[in-house]
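Novice: here is a sequence with its predicted model. Questions after.
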Amino acid sequence: MNESLQLFVESFWPIVWGGISGTIPLALASFAIGLVLALAVALMRLSKNPIVSNIARFYISVIRGTPLLVQLFVIFYGLPAIGVVIDPWPSAIVAFSLNVGGYAAEVIRAAILSVPKGQWEAAYTIGMSPATTLRRVILPQAARVSVPPLSNTFISLVKDTSLASLILVTELFRVAQQIAAFSQEFMLLYLEAALIYWLFCLALSGGQARIEKRLDRYVAH
């Protein structure tokens with residue numbers, strides 16, 4: 001067997017395992033925390049209190065206006081300068097969660113605003129409080145609207161986790177880097193990593209399509 005082909009075959013599973021054990025858990029944890037943060041920020045943006053609304057607006061502006069790599073470096077390399085030292089994995093989760101929060105907040109806000117105002121009014125007429133209306137009436141409808149863009153955000157996050165390799169987090173791309181450094185086959189290993197990212201994203205896109213199809217059953221046309 002050709003040496004390059006043999007290296008490709010032998011390194012395939014270790015890189016895939018790096019994705020399964022590192023990339024996917026990192027993306028899932030960051031996305032879950034980011035969604036909670038995004039919901040809070042979206043509700044702050046919808047607040048009638050200008051101070052609360054502007055705080056949320058400022059956060060979103062900062063997150064969207066700065067590169068994710070810079071945010072990651074500020075947390076991992078910058079915070080120690082003021083005495084705050086965070087390990088690589090938590091640093092990556094914090095950075096990715098904050099980033100997801102900034103982008104997903106606008107998605108959730110738009111989804112909430114897409115629910116007709118009549119839904120709020122109907123809930124109030126049967127005695128529901130604003131909080132109960134939001135939880136039981138508005139958010140379930142907004143969730144269906146927000147699934148496609150939030151799914152795209154998650155798929156993008158899976159790819160963005162490759163940046164965590166720069167702060168020594170062991171994930172898919174970090175494993176590929178380690179094998180490439182040992183074998184000196186940089187082009188081969190990086191192309192293999194790209195292929196595996198692509199396969200992961202294809203699988204996630206297929207899952208997204210199935211979820212959207214199931215949710216579409218409950219949407220009136």
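Specialist: Sure, I can see it. Numbering: from 1, shown residues only.

Novice: could you name the helices and strands sitting against the helix ranked longest in the chain?
Specialist: Longest helix of the chain, by residue count under DSSP state H: helix 186-216. Helix 186-216 sits against helix 3-18, helix 139-160, helix 172-183, with contacts defined as 3 or more C-beta pairs under 8 Å, 6 or more residues apart in numbering; DSSP states H and E. Yep, even glycine has a C-beta here, placed from its N, CA and C like the rest.

Novice: next, format those as a markdown table and append mean neighbour count, mean pLDDT and distance to residue 205.
Specialist: Listed next are those as a markdown table, based on neighbours: other C-beta atoms under 10 Å; pLDDT from 0 to 100; distance: least, C-beta to C-beta, whole Å:
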| stretch | mean neighbour count | mean pLDDT | distance to residue 205 |
| --- | --- | --- | --- |
| helix 3-18 | 15 | 92 | 18 |
| helix 139-160 | 18 | 91 | 7 |
| helix 172-183 | 20 | 94 | 17 |
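
Novice: among the ones you listed, which comes closest to residue 87?
Specialist: helix 172-183 (14.9 Å; C-beta to C-beta).

Novice: how about residues contacting that closest one?
Specialist: Applying C-beta atoms under 8 Å, 6 or more residues apart in numbering, the contact partners of helix 172-183 are 7, 11, 14-19, 22-23, 161-162, 164-165, 168, 186, 188-190, 192-193, 196-197, 200.

Novice: would you show me how to pick out the buried ones of the residues you listed in ChimeraX?
Specialist: Buried residues among the contacts of helix 172-183 (16 or more other C-beta atoms under 10 Å), as a ChimeraX selection:
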select :7,11,15,16,18,19,22,23,161,162,164,165,188,189,192,193,196,197,200
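
Novice: tell me which of the helices and strands packed on helix 186-216 lies nearest to residue 109.
Specialist: Distance to residue 109, taken as C-beta to C-beta, is lowest for helix 139-160 among those, at 9.2 Å.

Novice: what's next to that closest one, contact-wise?
Specialist: Counting by C-beta under 8 Å, 6+ apart, 23-24, 27, 30-31, 35, 68, 96, 99-100, 103-104, 107-108, 110-112, 114-115, 119, 197, 200-201, 204-205, 208, 211-212, 215, 218-219 sit against helix 139-160.

Novice: just the CA atoms of stretch 97-107, as PDB, please.
Specialist: The C-alpha trace of stretch 97-107 is given here as PDB (Å, rounded to 0.1, in the frame of the first residue of the first chain):
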ATOM      1  CA  SER A  97     -20.900  30.300  24.400                       C
ATOM      2  CA  LEU A  98     -20.500  34.100  24.400                       C
ATOM      3  CA  ASN A  99     -20.200  34.100  20.600                       C
ATOM      4  CA  VAL A 100     -23.300  31.900  20.100                       C
ATOM      5  CA  GLY A 101     -25.200  34.100  22.600                       C
ATOM      6  CA  GLY A 102     -24.500  37.200  20.500                       C
ATOM      7  CA  TYR A 103     -25.600  35.700  17.200                       C
ATOM      8  CA  ALA A 104     -28.400  33.500  18.400                       C
ATOM      9  CA  ALA A 105     -29.900  36.400  20.500                       C
ATOM     10  CA  GLU A 106     -31.000  38.200  17.300                       C
ATOM     11  CA  VAL A 107     -32.400  35.000  15.800                       C
END
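
Novice: what's in contact with that stretch?
Specialist: Against stretch 97-107 from outside (C-beta under 8 Å, 6+ apart): 29-31, 33-35, 37-39, 41-42, 45, 56, 59-60, 62-64, 68, 71, 146, 149-150, 153, 157, 160.
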